[in-house]
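**Student:** sequence and predicted structure are below.
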Amino acid sequence: MSADQPATCPACQGVLVVLRTSAYTPERARLIVANGFCKGRCAELEAGEPTRAIIPVAVS
Ligand SMILES: [Zn+2]
């Protein structure tokens, strides 16, 4: 199972931030230009209740 399709936010259609540089494909780049980045927590905001979202953090 390869996830080579651009990960977009179902709420705002923005491109989700990913850590793997391999995910930055030309198609993804076009999506970023077209839709911009997801500001994050859209699902949380849509749900209308604060959830402890797991925010991807780069581990050094
Ligand atoms: Zn979003």
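**Tutor:** Now that the structure is in, tell me what you want to look at.

**Student:** go through the helix ranked longest in the chain and flag the buried ones.
**Tutor:** Ranked by residue count and defined by DSSP state H, the top helix of the chain is helix 26-35. Of the residues in helix 26-35, those buried by neighbour count under the rule 16 or more other Cβ atoms under 10 Å are R28, L31, I32. From N, CA and C alone the C-beta is placed, and that goes for glycine too.

**Student:** wait, the first one sits on L16?
**Tutor:** No. With contact taken as Cβ atoms under 8 Å, R28 and L16 are classed as non-touching, separated by 9.8 Å.

**Student:** which one of the buried residues of helix 26-35 sits closest to A47?
**Tutor:** If you rank the buried residues of helix 26-35 by distance to A47 using Cβ to Cβ, L31 comes first, at 24.2 Å.

**Student:** please report how far that closest one lies from R41.
**Tutor:** For L31, the distance to R41 (Cβ to Cβ, to the nearest Å) stands at 19 Å.

**Student:** hmm, the longest helix of the chain in reach of the ion?
**Tutor:** No. Helix 26-35 lies out of reach of the ion by Cβ under 5 Å from the ion, never closer than 9.3 Å.

**Student:** can you pull out the helices in the protein?
**Tutor:** 26-35, 42-47.

**Student:** could I get these as a markdown table with mean pLDDT?
**Tutor:** Converted to a markdown table, those look like this (pLDDT from 0 to 100):
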| stretch | mean pLDDT |
| --- | --- |
| helix 26-35 | 89 |
| helix 42-47 | 73 |
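
**Student:** out of those, which gets nearest to C9?
**Tutor:** C9 lies closest to helix 42-47 among the helices of the chain, at 5.1 Å (Cβ to Cβ).

**Student:** now the closest one: buried residues?
**Tutor:** Those would be C42, for helix 42-47 by 16+ other Cβ under 10 Å.

**Student:** surely C9 and V17 touch.
**Tutor:** No. Using Cβ under 8 Å as the test, C9 is too far from V17 to be in contact (9.9 Å).

**Student:** between the two, who's got more neighbours?
**Tutor:** Neighbour tally, C9 and V17, criterion other Cβ atoms under 10 Å: the higher count belongs to C9, 18 against 15.

**Student:** all set, thanks.
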